[in-house]
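Peer 1: got a sequence here, can you build the structure:
(2 chains)
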Amino acid sequence: MIFGGRLLPWLLMLPQLAIVLVFFFLPAGQALMQSVMLEDAFGGSRQFVGLENFRRLLADPLYIGAFSTTAVFSLWVAIGAMLCGLLLALAAESVLRGRTLYRSLLIWPYAVAPAIAGVLWLFLFAPASGILPRALATLGIDWNHLLDSGDAMTLIVLASVWKQIPYNFLFFVAGIQSIPRSLFEAAAIDGASALRRTLTITLPLLSPTIFFLLVINVVYAFFDTFAIVDATTQGGPGKATDILVYKVYHDGFKALDLGGSAAQSVILMTLVIALTALQFRFLDRKVHY
Amino acid sequence: MVERTGLRHALAHFVLITGVCVIGFPLLVAFVASTQSAEDIAGRASLSLLPGEHGLETWRTALFGGQTRFGSNIAPVLPMMWTSLISALAIAIGKIVISLLSAFALVYFRFPGRALCFWLIFVTLMLPVEVRILPTYSIVSNLALLDTWTGLTVPLMASATATFLFRQFFMTIPPELVEAARMDGASPMRFFFDVLVPLSKTSIAALFVIQFIYGWNQYLWPLLVTTSESMYPIVMGIRRMIGGGDAANEWNVVMAAALLAMIPPAIVVLGMQRWFVKGLVEREK
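Peer 2: Numbering: from 1, shown residues only, chains lettered A, B, ... in the order given. All right, here's what the predicted structure looks like:
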């Protein structure tokens, strides 16, 4: 059943469309345009240079470095957050008592801002006054994320995983709950142990959830971790934790390389589009119009 | 189930309790640090995990600002919390209202350009702020919206996910309801306010939680569009407190401020847990 009227639907769409056009499409278009221009930082002159910005970017070892840093970072974040989330979800679904309490105590980091998560973990690992470097020192491990690039990467991975566990946990719980109980009961009657039931029923039937979360976690690691990096390592030491979204910010705002930053934006947009397409394509997610 | 489950339950509880402790550890340390003096934190061989006696003083400094005994000036967190609260509420409510309206138009009207509207909104999913930082900044600055409430909130109000969630929900509402409303002579807007909005209460509650947190936790956006201290939200303000480096930071005050920044969104998530979980899991469907 449908209402008539031509003006009213447009009036209803207007606020959303206005924001989308002014604050999403206009800047995206500008980024596209700037990416093929060479401009001085104060907007004095601009000149069409074709794909020169992209060529310069892809020939820049720092940019290629940022790509592989991001790849390593997002791989660790995805693996860490998914393993922890899955393990906790499996455990939460096999206890009878205290489920609600456990859930409350496990999901609260979802509410913590990435920047605050960064600050909390920065304090835990602060080289001079942090509690963990002192504990590690007694084990003979020297920790300093200001000097050691491996330590710095570990720090941002830990903070990002910590923040992302609740999300993975909740989706794995929902995934496990959607598996029909009768499958487990039949397998149990046939004598399959709990471990075997998990390996042969739960995990295979969770594969859509696993794939979905993999994409979500990669998107999270790529785009939502800016604040964590900015609060903890700021891309350092050297360029060890300079992930792509941090670099696009730094090059645009601090180094004032407008063309290069715009070209990076365009590459990032292409990446998001690819990831979103992947997510909708393989997941049987229904976005029918 | 038909078997002994004692050992399995014990193992599951063990895993869960370990998880709760590991996840809660940063919170515990933050709280303990906020009750100790800065010297205690910097000087001791190892940080004690028992609360100290400087809690009140530290929390007061964090909330209301002032000079610490080391002479560093701490900006008060209370006005920042106010900024965060107003902008989070504006963003959450704005997103919900705007998305309700456009989902209503998409589902209950057939108008030329409807498919285009749908795709325009859908594509915004692929344009997060992080990837278009510089041009968005220049637009906000050209519109003279830097350092204003409008600049801080309105650009974040578009929401593809909320629109789709409402659209999905509207499509499950039986067509008989619309038909009945039309037979009774209700105008479209009357149907919207008297039927659709009341029916959408659960979805609205779920989205409110998610979007409130989204708004409260914004970091990059305020970093770009605010320049005066009176417009800093708390998440960004705390980041500015740790500029001095490890040794110079007054970690006790920073941790008190961090806890203050976490309390409101945590209350919203835990208090509205039922809707939140439902909304989060369903949003992605």
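
Peer 1: lowest-confidence helix or strand of the chain?
Peer 2: With no chain named, the answer covers chain A. strand A:37-39 (a mean of 75; mean pLDDT, DSSP states H and E).

Peer 1: can you look at chain B instead?
Peer 2: Every helix and strand of chain B was ranked by mean pLDDT, DSSP H and E. The lowest is helix B:38-43, at a mean of 69.

Peer 1: can you give me the buried ones in the next helix or strand after that helix?
Peer 2: Using DSSP states H and E, the helix or strand that follows helix B:38-43 in sequence is helix B:55-64. With burial defined by 16 or more other CB atoms under 10 Å in any protein chain shown, the residues of helix B:55-64 counted as buried are B:Gly55, B:Glu57, B:Thr58, B:Trp59, B:Thr61, B:Ala62, B:Leu63. (Each C-beta comes from the backbone N, C-alpha and C, glycine too.)

Peer 1: go on, stretch B:108-127?
Peer 2: So stretch B:108-127, judged by 16+ other CB under 10 Å, has buried residues B:108-109, B:111, B:114, B:117-118, B:120-127.

Peer 1: quick check: closest non-adjacent residue to A:Ser265.
Peer 2: A:Ala31 (4.2 Å; CB to CB, 6 or more residues apart in numbering or on different chains).

Peer 1: helix/strand/coil for the one you found?
Peer 2: Secondary structure, DSSP: H, G, I helix; E, B strand; the rest coil: A:Ala31 is helix.

Peer 1: which stretches of the stretch 1-150 of chain B have low pLDDT?
Peer 2: B:1-4, B:39, B:42-49, B:69-71 (pLDDT under 70).

Peer 1: for the stretch 51-200 of chain B, which segments count as strands?
Peer 2: Taking DSSP state E, counting those that start in this stretch to define them, one finds strands in the stretch 51-200 of chain B at B:66-67, B:73-74.

Peer 1: and the first one, what does it pack against?
Peer 2: Spelled out, it's strand B:66-67. strand B:73-74 (3 or more CB pairs under 8 Å, 6 or more residues apart in numbering or on different chains; DSSP states H and E).

Peer 1: give me the distance from the strand it packs on to the chain's centre.
Peer 2: For strand B:73-74, the gap between its own C-alpha mean and the chain's C-alpha mean amounts to 26 Å (CA atoms, centre = their mean, to the nearest Å).

Peer 1: that older thread, parallel or antiparallel, list what pairs with the least confident helix or strand of chain A.
Peer 2: strand A:46-48 (antiparallel) (DSSP bridges).

Peer 1: is any part of whichever helix or strand comes after the partner strand close to chain B?
Peer 2: Remark: after strand A:46-48, the chain's next helix or strand is helix A:52-58, criterion DSSP H and E. No. Using CB under 8 Å from any CB of the partner chain, helix A:52-58 stays clear of chain B, coming no nearer than 13.1 Å.

Peer 1: show me what helix A:52-58 is packed against.
Peer 2: The contact analysis (3+ CB pairs under 8 Å, 6+ apart) places helix A:52-58 against strand A:37-39, helix A:258-282.

Peer 1: list the buried residues of it.
Peer 2: A:Glu52, A:Asn53, A:Phe54, A:Arg56, A:Leu57.

Peer 1: lowest average confidence across the helices and strands packed on helix A:52-58, which one?
Peer 2: Of all the helices and strands packed on helix A:52-58, mean pLDDT reaches its minimum on strand A:37-39 (a mean of 75).

Peer 1: picking up where we left off before, now for the residue nearest to A:Ser265, how many residues are close by?
Peer 2: 27 (other CB atoms under 10 Å in any protein chain shown).

Peer 1: so who does A:His250 touch?
Peer 2: A:Gly235, A:Asp242 (CB atoms under 8 Å, 6 or more residues apart in numbering or on different chains).

Peer 1: gap between it and B:Arg182?
Peer 2: Distance of A:His250 to B:Arg182, computed by CB to CB, to the nearest Å: 57 Å.

Peer 1: quick one, longest helix in the chain?
Peer 2: You didn't say which chain, so I picked chain A. As assigned by DSSP state H, the longest helix anywhere in chain A is helix A:61-94.

Peer 1: meant chain B, my bad for not saying
Peer 2: Max-length helix for chain B by DSSP H is helix B:78-108.

Peer 1: for that helix, which positions count as buried?
Peer 2: For helix B:78-108, using 16+ other CB under 10 Å, the buried residues are B:79-81, B:83-85, B:87-96, B:98-108.

Peer 1: check those residues against chain A, which are close?
Peer 2: Restricting the buried residues of helix B:78-108 to those within reach of chain A (CB under 8 Å from any CB) leaves B:Ile98, B:Ser99, B:Leu101, B:Ser102, B:Phe104, B:Ala105, B:Leu106, B:Tyr108.

Peer 1: show me the two of those residues that sit farthest apart.
Peer 2: Longest distance between any two of these is 16.3 Å, between B:Ile98 and B:Tyr108; criterion CB to CB.

Peer 1: if we can go back for a sec, possible to save the helices and strands packed on helix A:52-58 as JSON lines with distance to A:Ile2 and mean neighbour count?
Peer 2: Output for the helices and strands packed on helix A:52-58, formatted as JSON lines (distance: least, CB to CB, whole Å; neighbours: other CB atoms under 10 Å in any protein chain shown):
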{"stretch": "strand A:37-39", "distance to A:Ile2": "46", "mean neighbour count": "17"}
{"stretch": "helix A:258-282", "distance to A:Ile2": "27", "mean neighbour count": "19"}
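
Peer 1: could these be laid out in TSV, adding distance to A:Thr241?
Peer 2: As requested, the helices and strands packed on helix A:52-58 are exported to TSV (distance: least, CB to CB, whole Å):
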stretch	distance to A:Thr241
strand A:37-39	29
helix A:258-282	17
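
Peer 1: for B:His9, find the nearest of these.
Peer 2: helix A:258-282 (36.0 Å).

Peer 1: just the element for residue 212, please.
Peer 2: Reading this off chain A. Using DSSP H and E, A:Phe212 sits within helix A:207-223.

Peer 1: nope, chain B
Peer 2: helix B:201-216.

Peer 1: so that helix versus helix B:78-108, what angle?
Peer 2: Here helix B:201-216 points in a direction 140 degrees away from that of helix B:78-108 (axes from the mean of the first three to the mean of the last three CA atoms, to 10 degrees).

Peer 1: helix B:201-216 packs against which elements?
Peer 2: Looks like helix B:201-216 contacts helix B:78-108, helix B:160-171, helix B:251-271, helix B:273-283 (3+ CB pairs under 8 Å, 6+ apart).

Peer 1: how about a cut-off of 6 Å?
Peer 2: The contact analysis (3 or more CB pairs under 6 Å, 6 or more residues apart in numbering or on different chains; DSSP states H and E) places helix B:201-216 against helix B:78-108, helix B:251-271, helix B:273-283.

Peer 1: and the angle from the first one to helix B:55-64?
Peer 2: I take that to be helix B:78-108. Using the same axes, to 10 degrees: helix B:78-108 against helix B:55-64 is 60 degrees.
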